[in-house]
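1. Pasted the sequence and its predicted model underneath.
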Amino acid sequence: MNKALAKPLHLIKATGAVEIKANEDLPLSARRLFDHLLAHAYPRMKEVWDKAQRAGEIARLQAQEAHESPIEQERSVRKTMRKVLADGQEHAIPMVAIRRYAAEARDGYEDDNSFRLKTALTGLQRVLVQFDYLQSDGTKWESTQLLGPSRIEDGVLHYTFQLPLMEKLIEPALYSYISLRVVYQCDSKYTLILYQVLKRYADRNAAEPYWQISAAELRDLLGCSDKLKDWKDFRRTALNPAIEEIGQIAEFSVDLSEVRQGRGRGGGKVISVVFYIRKKGTTEAAETARALDRPKGQRRAARKKPLNSEAQAALAFLNSADSSKRIAWAKRAEALGVKVPVAAAARENLARWVPSVASAIVEEEGLHP
């Protein structure tokens, strides 16, 4: 194996890091890069953390011998630990290692142009994150920069995690063992976010692991507070494809159950959801591993389903419609959160996005599939 590719295939990610809520939407490429940088830095960060803890214990003993008050003792310990941790803030990784690993994981070619990486890096630096967003008591809140000062010298990326963030990333609480290989296979940010959260529940020693979250919190976590406002659109565009893809590439599968309240269409408003996690057996897990070894295009084709009657009707309608109607529906799809291609209204591009909004087209245009 190329030494540049000898990267850790797994990332131990603290609960707080998994449940990041950013002040702006993070694209899939930026989330992948952050996970890769964290995986590379984690061994050294953990080593420095252990060293800081030992130094903190010594500082505590010295403070006790000096008859300091409990508050003063904690201050001494904190000051000592932060001084040691400061030495573990900066990390370095060859740019070629990131490009080659990403290309290999995605079955693509290496991108020699660093423009995309630099764009992702500066994007991460603009993000402020809130920690402990899903704490049950709702009292803990902290905000910090996701990626600190960074520079590229002689083909090597030097990057830093700010001290408050670093402490959260290596905090010895509940960890999730995340596969970087799976991270790079995710086709959407919704899949990536759900995989990272559900993975830590799948890792628990429970017969029937599950995760329950309110509908509002789930929307926030997936970056859909201001889009896909209709639950049916949110589930069809974000949740269902993500759950299906997780079943294809992860070592567990997921079923979703809605909790409704009140009287209304479909049994009332969805107020929360429960994700039931099923760990795959040996045979099924082995098949998933083999699937990850196949080119990504083959996996997409394998899980691509025939168009249903609604999609066929919607495509037929827009194919025969004038350009203004096609443009209007392309804008509507984008507003609903569907990723539409350039020149989306062109007839040759309709099949790439129309199936995602077929139900709405059929209903609003009065079609009969």
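-> It's in.

2. C-alpha only now, for contacts and for neighbours.
-> Noted.

3. What is the neighbour count of residue 226?
-> Residue 226 is flanked by 11 other residues according to other Cα atoms under 10 Å.

4. Kindly report the same for residue 344.
-> For residue 344, the neighbour count with other Cα under 10 Å is 22.

5. contacting residues for it?
-> 327, 330, 350, 353 (Cα atoms under 8 Å, 6 or more residues apart in numbering).

6. Mind putting those into TSV with distance to residue 95, pLDDT and neighbour count?
-> Output for those, formatted as TSV (distance: Cα to Cα, whole Å; pLDDT from 0 to 100; neighbours: other Cα atoms under 10 Å):
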residue	distance to residue 95	pLDDT	neighbour count
327	41	92	16
330	38	91	24
350	37	90	21
353	34	87	20
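
7. Pick out whichever of these sits closest to residue 214.
-> Distance to residue 214 across these (Cα to Cα) is lowest for residue 353, with 28.8 Å.

8. Skipping adjacent residues, who's closest to that closest one in space?
-> residue 340 (5.9 Å; Cα to Cα, 6 or more residues apart in numbering).

9. okay, that neighbour: pLDDT?
-> pLDDT recorded at residue 340 is 81.

10. What strand or helix carries it?
-> Using DSSP states H and E, residue 340 sits within no helix or strand.

11. Run through the residues that contact it.
-> Contacts of residue 340 (Cα under 8 Å, 6+ apart): 330, 333-334, 352-353.

12. one step back: out of the contacts of residue 344, name the ones that lie in strands.
-> Applying DSSP state E to the contacts of residue 344, no entry is found in strands.

13. hmm, which two among those are most spread apart?
-> 327 and 353 (12.3 Å).

14. remind me which residues of the stretch 201-350 of the chain are low pLDDT?
-> 264-267, 291-307, 337 (pLDDT under 70).

15. Strands along that one, start to end?
-> Assigned by DSSP state E, counting those that start in this stretch, the stretch 201-350 of the chain shows strands spanning 210-214, 252-261, 269-279.

16. could these be laid out in a markdown table, adding mean neighbour count and distance to residue 199?
-> As requested, the strands of the stretch 201-350 of the chain are arranged in a markdown table below (neighbours: other Cα atoms under 10 Å; distance: least, Cα to Cα, whole Å):
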| stretch | mean neighbour count | distance to residue 199 |
| --- | --- | --- |
| strand 210-214 | 15 | 10 |
| strand 252-261 | 16 | 8 |
| strand 269-279 | 17 | 9 |
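
17. would you turn the ones you listed into CSV with distance to residue 195?
-> Formatted as CSV, those follow (distance: least, Cα to Cα, whole Å):
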stretch, distance to residue 195
strand 210-214, 12
strand 252-261, 10
strand 269-279, 11
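
18. Past the helix or strand residue 37 falls within, which element shows up next along the chain?
-> Here residue 37 sits within helix 28-65, counting by DSSP H and E. Once the chain leaves helix 28-65, the next helix or strand it forms, by DSSP H and E, is helix 70-85.

19. Provide the secondary structure category for the most centrally placed residue in the chain.
-> Nearest residue to the geometric centre of the chain (Cα atoms, centre = their mean): residue 193, 2.9 Å. Here residue 193 takes the helix state, with states given by DSSP: H, G, I helix; E, B strand; the rest coil.

20. didn't it look like it was pressed against residue 219?
-> No. Residue 193 is beyond contact range of residue 219, at 11.5 Å (criterion: Cα atoms under 8 Å).

21. Residue 148: what secondary structure?
-> Quick answer, by three-state DSSP: residue 148 is coil.
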